[in-house]
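K.L.:
The following block contains a protein sequence and its predicted model.
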Amino acid sequence: MTERDLTRRDFVVAGAVGTAAIVACGNTPVAPEPPMPDRPLGRTGHRPRLFSLGGQATIEREGTHDESVAIINRAIDLGVNYIDTAAAYGRGISQRYIGDVMSTRRDEVFLATKTHNRTRDGSLQLLEQSLESLQTDHLDLWQLHNITRTEQLDQIFAKDGAIEALTQARDEGIVRFLGITGHADPNVLLDGINRFDFDTILMALNPADPYHLPFATELLPAANEKQMGIIGMKIPARSRIFRGDGLTSMRDSMTWVLTHPVSTVIVGCDTVAQLEENVQIAADFESLPASELDRISKLTEHYAMDAAFFKSGAAGFGRSGDDQDTED
């Protein structure tokens, strides 16, 4: 078996020991000790816990309804109060699975989804589908999905562009807040947040960030200056950040990101056990000194372009087209 065949779980078995504190007494789940801290989501008034649930991995796969519902319910039981999905995830599968839980637990979470359509009418159609699939009459956050190029922004902000759909939905009370997302080029996202007063931004951050098109250098400070809610993604980079001769710990990767000024991080989980591991890491979080941040990043330096496969010009970028829909 090659290093590429190894999964994140192969590298973080040792971290699973920390999940032993997460047990169930009868049918009543017990939250980790201590509980996850929370942080403000910019100026929205919501305070998400440090770990939030992304709607990918198992939750976007066909034929995994029961496993997905178990992950989502367990996440909420453990204190997760922010769930992110998208119309594009699993061609709608992710929203449907999450909707089956939202039908009874909608008031327990801040619910975010996205439009990948760049036009007003197309986005409004997606919004209608999203609300139906998610079994809700409103969204807490509606986001522009995976902005990769300036040409997309030009279309979004042109007449009949998607920004008209976002502002209309907000003005009508169908959505509360508006956001922008992307993982390809921080400069494009910087342009986006300078064109419009978004409430939140979902951006790629992991220990390999400093070595190619860094999101933490200019975009992260700019978003903080605008008092935006900042959600980090790509923490495990679909397990590509883990290597036997490099970074081997999900704890190191997530703690590295959480040491930065972000509101929360989203991760898609394959199993309930993986979810519990991530929740425990967030519950145990302590900020790292600069020397430790540097040490962790340097572990990824010799394969940084692979660990940053989702960025423009990196290994694998564009294999599925410019609008890749892998965000957590």
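P.N.:
That came through fine. Residues are numbered from 1 along each chain as shown.
K.L.:
can we go C-alpha only for contacts and neighbour counts from here?
P.N.:
Fine.
K.L.:
From Val279, how far off is Val80?
P.N.:
For Val80, the distance to Val279 (CA to CA, to the nearest Å) stands at 8 Å.
K.L.:
okay, and the common contacts of the two?
P.N.:
Phe51 (CA atoms under 8 Å, 6 or more residues apart in numbering).
K.L.:
quick one: Leu247 and Thr300 touch, right?
P.N.:
Yes. Using CA atoms under 8 Å, Leu247 makes contact with Thr300 at a distance of 6.1 Å.
K.L.:
The two - which one has more neighbours?
P.N.:
Thr300 (26 against 21; other CA atoms under 10 Å).
K.L.:
what's that one in contact with, if anything?
P.N.:
Going by CA under 8 Å, 6+ apart, the list of residues near Thr300 reads 207-208, 241, 246-247, 307.
K.L.:
which among these gets closest to Ala223?
P.N.:
Pro207 (19.3 Å; CA to CA).
K.L.:
Assign a three-state SS to that closest one, would you?
P.N.:
coil (DSSP: H, G, I helix; E, B strand; the rest coil).
K.L.:
what's around it, how many residues?
P.N.:
For Pro207, using other CA under 10 Å, the count is 29.
K.L.:
again, but for Glu172
P.N.:
9.
K.L.:
Now do the helices in the protein.
P.N.:
Applying DSSP state H to the chain gives helices spanning 8-11, 65-77, 93-105, 120-134, 150-156, 162-171, 186-195, 219-225, 250-258, 272-283, 290-298, 304-307.
K.L.:
The fourth one: how far from the chain's middle?
P.N.:
The gap between the average C-alpha position of helix 120-134 and the chain average comes to 20 Å, counting by CA atoms, centre = their mean, to the nearest Å.
K.L.:
and the helices of the chain as a markdown table, adding distance to Ile235?
P.N.:
Shown next, in a markdown table, are these (distance: least, CA to CA, whole Å):
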| stretch | distance to Ile235 |
| --- | --- |
| helix 8-11 | 11 |
| helix 65-77 | 18 |
| helix 93-105 | 20 |
| helix 120-134 | 26 |
| helix 150-156 | 25 |
| helix 162-171 | 28 |
| helix 186-195 | 16 |
| helix 219-225 | 15 |
| helix 250-258 | 6 |
| helix 272-283 | 11 |
| helix 290-298 | 12 |
| helix 304-307 | 10 |
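K.L.:
Next, show the common contact partners of Leu247 and Thr300.
P.N.:
By CA under 8 Å, 6+ apart, the residues touching both Leu247 and Thr300 are Ile241.
K.L.:
Val279 versus the closest residue in space to Val109 that isn't next to it in sequence, what's the distance?
P.N.:
Sequence neighbours aside, Asn81 is the residue nearest to Val109 in space, at 4.3 Å (criterion: CA to CA, 6 or more residues apart in numbering). Distance, Asn81 to Val279, by CA to CA: 12 Å.
K.L.:
more crowded one of the two?
P.N.:
Neighbour count, other CA under 10 Å: between Asn81 and Val279, Val279 has more, with 28 against 22.
K.L.:
pretty sure Gly42 contacts Ser263?
P.N.:
Yes. Shown here, Gly42 and Ser263 form a contact pair, counting by CA under 8 Å, at 7.4 Å.
K.L.:
partners of the top strand by length along the chain, with directions?
P.N.:
Across the chain, the longest stretch assigned as strand under DSSP state E is strand 175-182. With DSSP bridges as the test, strand 175-182 is paired with strand 139-144 (parallel), strand 200-204 (parallel).
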